[in-house]
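1. Mind folding the following:
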Amino acid sequence: MGGGVEGLTELLPMKIHLLQAKRDLGCRTNKDTNGGYGTANDYGDSLASRLLAKLKSRAHNFPELAPAYAASILRAQGHAVTYGDNEVNPDADVTLLQSSIVHYNEELRYARRLKKDCPGMKVGFFAGVSDSFAEEYAEEFDFVITGEFEGALLNNDIADFSGKIASPLVGDLDTIPFPDWSHIQRDRKRNLITGKKGSTMLPMIGSRGCPMSCRFYCTYPLTQGRRQRCRSAANIIDEAEHLRRSYGMDLVMFRDPIFSMDMERIHELCEEILTRGLHFDWICETHCKFLDEQLIRIMAAAGCRSIKLGIESGNDDVMKGSNRRSQAFNEQRQVLDWCEKFDVRVIAFYILGYFDDTLDTARRTIDYARMLNTYGAQFSVATPYPGTPWFEELKKENEQFDLSDNMDDYTQYHLVYRHPHLTAEDIRKLKNRAYSRYYSNPRYLLHHHLPWKKFLKKNAGPEALSGTGSPAPAESAGVALHR
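-> Numbering: from 1, shown residues only. Below you'll find the model as predicted:
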């Protein structure tokens, strides 16, 4: 399915094990998020924080794409491929570990144990932080694939891999075979965002690459480049049909960094879904500037049930200090109203602890989130990741900023350096405050979770719900915007 495996038809079949090494953190973790560096959703220790973390772990997680792509390519080459979550295969000729920062030390523990217990086995790393830690991996283990691993696997014999294997960005994403999900247990669960019972959610990627201004601290440009590379609409829908037919998929999580950057392309994608008569729900992540009413209308008609939007902060000066540009309040408000109109649930992303953040500005971001009152809100912690310009900038003055050298700390929910205005305890309290105040807000509960909301919306329109439609001016909500 998808692209083909060319020029490698006479390979010696090998036993290859895909090992997913993860530590148990008591919350949802995923290695594909955050540009492949991974995240661990530690929302804090308040009651609201802990309940939300448990709900998300149970009802809104998805399997990683990287092992599924690797399995598809390697099986097509005739290899016997196995998979294990924290389960090794001592009989394997090669063990491949998906690298990440969130489980970096656990991955090293498993890899070192394999080198000790199975001296005849090759152990290699791919995806995730393979570029940022290539020297460390190559020095201690058999090989590391840098860049986008699919090219290296498609065009080379894994039996010959040694040291650093440079794999360039894939120019034509349609040439990559569809992921193989045969190793995934098909649990049908109620989804946290759509609310539907018995959903089978699988991730898809429609594009890679991100040219947005957040490259100062964002990992996506590191792992996927700054130019957006897109699959054709036909190729994406072919995969969706394959997922429906082979795995019973009825919910897709699109993992594109900025799904609707090419708005015309997404319009064509939605038209293709409607033309083929496909029926499945989907979720995507994008930016307010790449949405308008017409696009949201057809996205909703084609099955879009939720959009994740990076709002990030309620303070322009704080954003500018991190080389980030934000949309004006009225523009954000307009997009939220359009989503409300077409019953598309918005999950807004916010960041606490920007370099210029203080307790006051962080609290104002929380208040801003409560005012926008989207269906969901996620509050993470600004993190300088290895390889990003921000990390390199702080590293030059490490005596002052004391960057953590323990990769376990880089979860996207913990402070990893000496912040000029905030302590780790401040961040913990801010996370607790954010989730408690947001999800216990009467206005939030009234708008999103009362059983008669749909009746009111049908008969009076979204403005009558006192939720996201036509809010009071920002100033009256006590939020300092764009000052």
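2. quick one: low-confidence parts of the protein?
-> 1-10, 59-60, 186-198, 213, 215, 319-326, 451-483 (pLDDT under 70).
3. rerun at 50
-> 7, 461-483 (pLDDT under 50).
4. Check which helices and strands the helix or strand residue 435 falls within is in contact with.
-> Following DSSP states H and E, one finds residue 435 within helix 424-439. On a contact count with 3 or more CB pairs under 8 Å, 6 or more residues apart in numbering; DSSP states H and E, helix 424-439 meets helix 47-59, strand 345-352, helix 359-372, strand 376-381. Where C-beta positions appear, they are placed from N, C-alpha and C, glycine not excepted.
5. and the closest residue to residue 400 other than its chain neighbours, how many residues sit next to it?
-> Among residues not flanking residue 400 along the chain, residue 418 sits closest, at 7.0 Å (CB to CB, 6 or more residues apart in numbering). Residue 418: 16 surrounding residues under other CB atoms under 10 Å.
6. so what's residue 418 up against?
-> With contact set as CB atoms under 8 Å, 6 or more residues apart in numbering, residue 418 has these partners: 400-402.
7. cool, and residue 222?
-> Per CB under 8 Å, 6+ apart, neighbours of residue 222: 35, 131-132, 385, 387-388.
8. now it, what's its secondary structure?
-> What DSSP: H, G, I helix; E, B strand; the rest coil gives for residue 222 is helix.
9. what does residue 180 give?
-> Classification of residue 180 using three-state DSSP returns coil.
10. That one reaches residue 75, doesn't it?
-> Yes: Residue 180 is within contact range of residue 75, at 6.1 Å (criterion: CB atoms under 8 Å).
11. Any chance of the backbone angles for residue 253?
-> phi -100, psi 100 (degrees, to the nearest 10).
12. quick one, strands of the stretch 201-350 of the chain?
-> 201-204, 207-208, 229-230, 251-254, 281-286, 304-312, 345-352 (DSSP state E, counting those that start in this stretch).
13. Strand 345-352 and the helix holding residue 435, what's the angle between them?
-> Computed by axes from the mean of the first three to the mean of the last three CA atoms, to 10 degrees, the angle separating helix 424-439 from strand 345-352 equals 160 degrees.
14. Tell me the first helix or strand C-terminal of helix 424-439.
-> As assigned by DSSP H and E, the chain's next helix or strand after helix 424-439 is helix 442-449.
15. gap between residue 48 and residue 413?
-> Distance of residue 48 to residue 413, given as CB to CB, to the nearest Å: 15 Å.
16. The two: who's more crowded?
-> Regarding residue 48 and residue 413, a neighbour count based on other CB under 10 Å identifies residue 413 as having more, with 25 against 18.
17. OK, contacts around the residue lying closest to that one once chain neighbours are set aside?
-> Spatial nearest neighbour of residue 413, chain neighbours left out: residue 42 (4.3 Å); criterion: CB to CB, 6+ apart. Residue 42 is in contact with 25, 27, 53, 411, 413-414, counting by CB under 8 Å, 6+ apart.
18. Just the closest of the residues you listed to residue 281, please.
-> The closest of the contacts of residue 42 to residue 281 turns out to be residue 53 (CB to CB; 23.5 Å).
19. Run through the residues that contact the closest one.
-> Counted by CB under 8 Å, 6+ apart, residue 53 has contacts 26-28, 41-43.
20. Go ahead and build a ChimeraX selection from the buried members of those.
-> Selection of buried members from the contacts of residue 53 for ChimeraX, criterion 16 or more other CB atoms under 10 Å:
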select :27,28,41,42,43
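21. Sort out which one of the contacts of residue 53 lies nearest residue 113 for me.
-> Once CB to CB is applied, the member of these that ends up nearest residue 113 is residue 26, at 23.3 Å.
22. what kind of secondary structure is the closest one in?
-> Of the three states, residue 26 takes coil under three-state DSSP.
23. who touches it in this structure?
-> Contacts of residue 26 (CB under 8 Å, 6+ apart): residue 53.
24. The closest residue to residue 331 other than its chain neighbours: neighbouring residues, count only.
-> Of all residues not flanking residue 331 in the chain, residue 288 sits nearest, at 6.0 Å (CB to CB, 6+ apart). Residue 288: 20 surrounding residues under other CB under 10 Å.
25. what residues are up against residue 288?
-> Going by CB under 8 Å, 6+ apart, the list of residues near residue 288 reads 309, 311, 327, 331-332, 335.
26. Go again with 6 Å.
-> By CB atoms under 6 Å, 6 or more residues apart in numbering, the contact list for residue 288 reads 309, 327, 331-332, 335.
27. And the contacts of residue 42, which is closest to residue 301?
-> Nearest to residue 301 among these, with distances taken as CB to CB, is residue 53, at 33.4 Å.
28. what's the spacing between the closest one and residue 400?
-> In this structure, residue 53 and residue 400 are 33 Å apart, going by CB to CB.
29. Repeat that for residue 210.
-> Distance of residue 210 to residue 400, computed by CB to CB: 30 Å.
30. One more: residue 291?
-> For residue 291, the distance to residue 400 - CB to CB - is 40 Å.
31. try residue 254
-> 40 Å.
32. The two: which is more packed in?
-> Neighbours were counted for residue 254 and for residue 400 using other CB under 10 Å; residue 254 has more, 21 against 10.
33. ok, now how distant is the more buried one from residue 297?
-> Taking CB to CB, one finds residue 254 at 18 Å from residue 297.
34. same check, this time on residue 255
-> Using CB to CB, residue 255 is found at 24 Å from residue 297.
35. Please apply the same query to residue 109.
-> Separation of residue 109 from residue 297 (CB to CB) stands at 50 Å.
36. The strands of the stretch 201-350 of the chain into JSON lines, with extra columns for distance to residue 428?
-> Below are the strands of the stretch 201-350 of the chain laid out as JSON lines (distance: least, CB to CB, whole Å):
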{"stretch": "strand 201-204", "distance to residue 428": "31"}
{"stretch": "strand 207-208", "distance to residue 428": "34"}
{"stretch": "strand 229-230", "distance to residue 428": "39"}
{"stretch": "strand 251-254", "distance to residue 428": "29"}
{"stretch": "strand 281-286", "distance to residue 428": "26"}
{"stretch": "strand 304-312", "distance to residue 428": "20"}
{"stretch": "strand 345-352", "distance to residue 428": "11"}
